[in-house]
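Asks: sequence? don't have it. structure:
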């Protein structure tokens with residue numbers, strides 16, 4: 001094998017010198033070995049490419065639940081800290097409430113999907129405004145899902161445990177909501193998710209998208225990032241919360257420019273309305289006409 005690895009002609013010569021096997025037989029054996037080796041290399045290469053592609057697809061979500069500090073929080077602590085730590089969290093939900101009140105028939109039994117529900121803060125707001133709606137809530141953290149169940153109960157609520165980037169949803173929705181969660185998808189993951197959400201919505205459906213973003217202009221990005229940290233310093237409940245949420249923002253968030261995300265939503269087919277943008281906090285209403 002070592003001789004064959006150095007080249008079939010040299011292998012044939014060496015074998016001929018060491019034996020009385022006819023040249024044609026030796027060359028046939030070596031050629032067959034080369035073909036097997038070539039087949040193995042091709043098969044392994046295809047397998048390697050398939051595995052790497054699968055791993056790449058699996059990495060669109062940039063974190064695991066165990067990496068999130070709040071995966072270990074009790075519901076009350078999480079609710080307190082996320083409101084304190086995310087700039088304009090309350091304002092975001094005030095705008096969402098106003099949009100629902102002004103644009104939906106509150107007596108309709110709508111189908112709603114909440115992606116990355118956490119402890120159900122946004123889902124509860126939606127359910128309170130749309131009492132006849134059925135809401136499916138999704139999260140990949142058992143701790144967060146446990147908090148959501150305490151807040152939402154069982155009536156007209158479905159619980160889906162897992163990473164929404166990889167879940168094959170089986171029905172269509174009137175409304176898809178995601179608030180402070182999609183920033184844990186990388187750029188490719190966000191683009192794919194926007195297309196997925198578009199396909200999940202019924203005709204005329206709405207995607208309510210509130211999240212942390214950045215900006216294409218580096219100076220705007222730097223200034224608003226600094227303001228985000230300033231907010232954490234001013235609003236964090238204590239030093240532990242400040243450390244954990246500052247670490248989260250610096251190392252776990254994967255923010256994309258708001259301009260890019262509007263382009264990706266438009267490319268997916270949405271008509272995009274940017275409703276709120278302050279610092280790194282953005283709210284977009286995207287409709288499927």
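Replies: Everything's here; your move. What you see is a predicted model, and the numbers here were worked out from it, not measured in a lab. Residues are numbered from 1 along each chain as shown.
Asks: So for whatever helix or strand residue 275 lives in, mean pLDDT?
Replies: If you go by DSSP states H and E, residue 275 is part of strand 271-278. The average pLDDT for strand 271-278 rounds to 98.
Asks: helices and strands around it, which ones?
Replies: With contacts taken as 3 or more Cβ pairs under 8 Å, 6 or more residues apart in numbering; DSSP states H and E, strand 271-278 sits against helix 89-103, helix 258-268, strand 281-287. Every residue, glycine included, has its C-beta placed from N, CA and C.
Asks: how about the strands of this structure, start to end?
Replies: 111-115, 134-139, 157-161, 173-179, 201-212, 271-278, 281-287 (DSSP state E).
Asks: just so I know, which of those lies nearest residue 258?
Replies: strand 281-287 (5.3 Å; Cβ to Cβ).
Asks: that older thread, reformat the helices and strands packed on strand 271-278 into JSON lines and put mean neighbour count and mean pLDDT next to each item.
Replies: Below are those laid out as JSON lines (neighbours: other Cβ atoms under 10 Å; pLDDT from 0 to 100):
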{"stretch": "helix 89-103", "mean neighbour count": "15", "mean pLDDT": "98"}
{"stretch": "helix 258-268", "mean neighbour count": "17", "mean pLDDT": "98"}
{"stretch": "strand 281-287", "mean neighbour count": "21", "mean pLDDT": "98"}
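Asks: Including distance to residue 150, could the ones you listed go into TSV?
Replies: Converted to TSV, the helices and strands packed on strand 271-278 look like this (distance: least, Cβ to Cβ, whole Å):
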stretch	distance to residue 150
helix 89-103	19
helix 258-268	32
strand 281-287	26
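Asks: Select, out of these, the one closest to residue 161.
Replies: Between residue 161 and these, the shortest gap by Cβ to Cβ is with helix 89-103, which sits at 24.2 Å.
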